[in-house]
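Asks: I would like to see how this sequence folds:
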Amino acid sequence: GLDPDEILVDLIFSAVRQDAPFEIAPISELITGLDSETLEDRRRQLLFDEGLEPQLPENGVYSLLLLAHEEGYLEE
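Replies: Coordinates of the predicted model:
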């Protein structure tokens with residue numbers, strides 16, 4: 001099944017008759033060395049450490065990028 005984010009992306013791109021140029025994947029599929037609870041705790045801690053408002057979606061994305069960087073998935 002599709003999660004709500006995937007459904008919204010499909011609806012947006014269907015409305016403009018295009019295929020989405022990206023895929024939405026859960027962070028737990030990308031960072032497999034940590035369990036989902038640890039991932040969420042670390043994400044929240046990064047938001048706090050960086051002084052980011054957790055309600056803003058872009059800050060959530062940024063914290064996940066920081067987490068991926070910490071885990072060695074992104075280069076400098």
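Asks: Any buried residues in the strand or helix carrying L66, and which?
Replies: L66 belongs to helix 57-70 when assigned by DSSP states H and E. By neighbour count on 16 or more other Cβ atoms under 10 Å, the buried set for helix 57-70 is N59, G60, S63, L64, L66, L67. The way it works is simple: take the backbone N, C-alpha and C, and place the C-beta from them, glycine included.
Asks: Name the nearest of these relative to I12.
Replies: G60 (18.4 Å; Cβ to Cβ).
Asks: list the helices and strands the helix or strand of the chain with the lowest mean pLDDT packs on?
Replies: Lowest by mean pLDDT, DSSP states H and E among the helices and strands of the chain is helix 27-30, with a mean of 86. Contacts defined by 3 or more Cβ pairs under 8 Å, 6 or more residues apart in numbering; DSSP states H and E place helix 27-30 against helix 36-49, helix 57-70.
Asks: The ones you listed: which one's closest to R17?
Replies: helix 57-70 (25.3 Å).
Asks: and stretch 43-58, average pLDDT?
Replies: In this model, stretch 43-58 carries a mean pLDDT of 95.
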